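Asks: how would this look folded up:
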Amino acid sequence: MLLCATAQAQPYGIEERIPNQSLIISLQDEEPPLTISASGLYSDIATRTVAQGIIPFGVNAQLWSDGTYKERFIALPGTEKIRFSADSPWKFPPGSVLVKNFYLEFESGNAASRWLIETRFLVKDIAEGKWCGFSYKWEADGSDAVLLEREFTEVYFVLDSEAEGGIREHLHYFPNRKQCDQCHVRASGTVLGLRTAQINRDHDYGGIVDNQLRTLNHIGLFTEDIGENYAALPRMADPFDESQILDRRARSYLAANCSHCHQPDVVSKADIDLRFATPLEEVGVVDRVPTLGTLDLEDPRILKPGDPDNSSLLKRLLVFDSNRMPPLATNLVDWQGADLLRRWIASLQQDTHVAGRGGQPDAFFLAQNYPNPFNPETVIGYRVSGEGSVELVVFAAAGQRIRTLVAGHHAPGSYQVRWDGRDQAGTAAASGIYLYRLRAGNFQQQRRLTLLK
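Replies: Prediction:
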């Protein structure tokens with residue numbers, strides 16, 4: 001991602017600030033607008049033309065929301081301004097409104113199939129100065145969205161070539177007002193995306209690309225001139241930009257998805273600090289035995305350097321019981337995020353393991369698959385300590401060979417393979433209990449897994 005140069009000439013992303021006189025919400029004596037059309041977000045809801053004075057923005061690292069696409073806006077009342085801070089949360093004036101739109105791809109992988117299904121508002125109450133959140137559910141025809149009074153789950157059907165029959169159910173969770181506070185924690189600053197490390201990035205303002213801090217500073221959105229040396233300011237990484245450093249990407253992912261709760265004075269049961277700027281040795285996870293459940297790991301640690309299969313930090317992303325993290329409003333595994341954390345934890349081996357191991361695993365091991373039970377696919381991890389032939393096979397409970405997942409020569413190391421619940425001929429296997437067995441030289445280990453449909 002390119003950051004605009006310090007001496008970059010005009011044009012800016014936005015040339016001048018237009019006062020917001022449309023999206024003005026006071027919660028002092030009234031309820032939130034009952035519909036999006038009544039809120040003032042759009043000057044033309046039919047074309048979804050955003051009203052003047054409402055500013056789009058993007059973030060470096062996103063919270064996982066079951067693969068939905070998001071767009072974000074900020075609306076300050078009139079010409080009010082933000083008190084900027086490089087390292088701490090920004091201070092917003094009363095009446096500020098933050099908007100997040102959620103789009104679902106109704107054909108997986110096809111951006112043209114995205115459809116707006118939810119809009120969330122976060123409003124700073126004028127009277128009490130606290131932030132209040134609420135959600136709107138869009139009508140099926142996209143004509144308007146209606147304020148929700150309680151939490152709600154909607155089932156959508158998505159075309160997906162990897163799903164059985166080519167169609168899968170997508171459960172989208174709409175939170176109630178109190179549940180907004182579970183992520184937008186006051187102790188963490190409430191506002192999660194609009195802060196320097198997240199905003200310090202380029203944004204496409206309708207064909208003009210500029211650094212967001214430069215644009216917002218130019219139009220006078222801050223109470224002070226912050227200058228143009230953006231390279232010296234904190235900046236999180238895009239977790240999935242392979243051109244950036246793996247450690248920065250993994251720490252950005254954890255910060256975006258976990259740090260709003262996992263930082264000092266927020267969650268007393270888990271005293272770890274996953275904020276982006278906290279040095280790894282001070283995070284409180286390395287080689288630490290988890291106190292809130294071992295998740296059936298063989299040698300559990302919150303983060304075990306070089307051993308992602310025994311790191312609960314990774315495992316919690318892959319389960320759907322009470323150990324699930326993040327715990328709210330997600331029904332799908334973020335496989336891309338999990339793979340990022342897996343590679344990052346594995347990369348820590350050389351620097352943090354005891355000298356003399358040579359960076360290689362010291363034992364054969366077959367991990368429990370995750371998720372388990374599963375549908376439509378699961379991941380099986382294993383490691384081998386010696387070079388040679390390796391075979392990993394799935395069997396029916398009665399002993400019939402269902403699928404050979406691995407058959408070949410391996411060098412020492414840790415590996416993982418996915419099973420899509422299909423047999424050797426590509427036919428979907430039936431629901432039930434299956435066995436999977438790893439053979440490597442004289443080593444053999446077997447475990448059970450469950451396929452549910």
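Asks: Excluding chain neighbours, what is closest to G193?
Replies: In space, and not counting its chain neighbours, G193 is closest to V59: 4.6 Å by CB to CB, 6 or more residues apart in numbering. All C-beta spots, glycine's among them, are computed from the backbone N, C-alpha and C.
Asks: Could I get the contacting residues of that neighbour?
Replies: R72, G193, Q198, I199, R201, A256 (CB atoms under 8 Å, 6 or more residues apart in numbering).
Asks: what's the closest non-adjacent residue to T215?
Replies: Nearest one to T215, counting by CB to CB, 6+ apart, is G13 at 3.8 Å.
Asks: so what's the one you found up against?
Replies: By CB under 8 Å, 6+ apart, the residues touching G13 are H203, Y205, I208, V209, D210, Q212, R214, T215.
Asks: what is the fifth one paired to in the beta sheet?
Replies: Bridge pairing for D210 (DSSP bridges) gives the partners H203.
Asks: you'd agree it is up against N217?
Replies: No. Counting by CB atoms under 8 Å, N217 is not a contact partner of D210; they are 10.6 Å apart.
Asks: Could you find the closest non-adjacent residue to the residue nearest the centre of the chain?
Replies: Centroid check for the chain by CA atoms, centre = their mean gives W64 as the closest residue, at 2.5 Å. Distances taken as CB to CB, 6+ apart put D334 closest to W64, at 4.4 Å, once the chain neighbours are dropped.
Asks: circling back to that earlier point, the residue nearest to the centre of the chain and A338 touch, don't they?
Replies: No. W64 is beyond contact range of A338, at 9.9 Å (criterion: CB under 8 Å).
Asks: Tell me where the protein has helices.
Replies: Ranges of helices within the chain are 177-183, 196-199, 212-218, 246-258, 280-283, 312-315, 335-347, 349-352, based on DSSP state H.
Asks: which one of the ones you listed has the most crowded surroundings?
Replies: helix 312-315 (a mean of 25; mean count of other CB atoms under 10 Å).
Asks: That one packs against which elements?
Replies: Secondary-structure packing of helix 312-315 (3 or more CB pairs under 8 Å, 6 or more residues apart in numbering; DSSP states H and E): helix 335-347.
Asks: tell me what the helix it packs on is packed against?
Replies: helix 246-258, helix 312-315.
Asks: which regions of this protein lie under the pLDDT threshold?
Replies: Low-confidence segments of the chain (pLDDT under 70): 1-10, 127-128, 179-190, 265-270, 327-329, 349-363.
Asks: Could you export the helices and strands packed on helix 335-347 as TSV, including distance to D29?
Replies: Formatted as TSV, the helices and strands packed on helix 335-347 follow (distance: least, CB to CB, whole Å):
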stretch	distance to D29
helix 246-258	36
helix 312-315	46
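Asks: wait, which of the ones you listed is closest to L98?
Replies: Of all the helices and strands packed on helix 335-347, helix 246-258 sits nearest to L98, with 15.7 Å by CB to CB.
Asks: so how far is that closest one from its chain's centroid?
Replies: 9 Å (CA atoms, centre = their mean, to the nearest Å).
Asks: related to what we said a few turns ago, out of the helices and strands packed on helix 335-347, nearest to G284?
Replies: helix 312-315 (11.1 Å).
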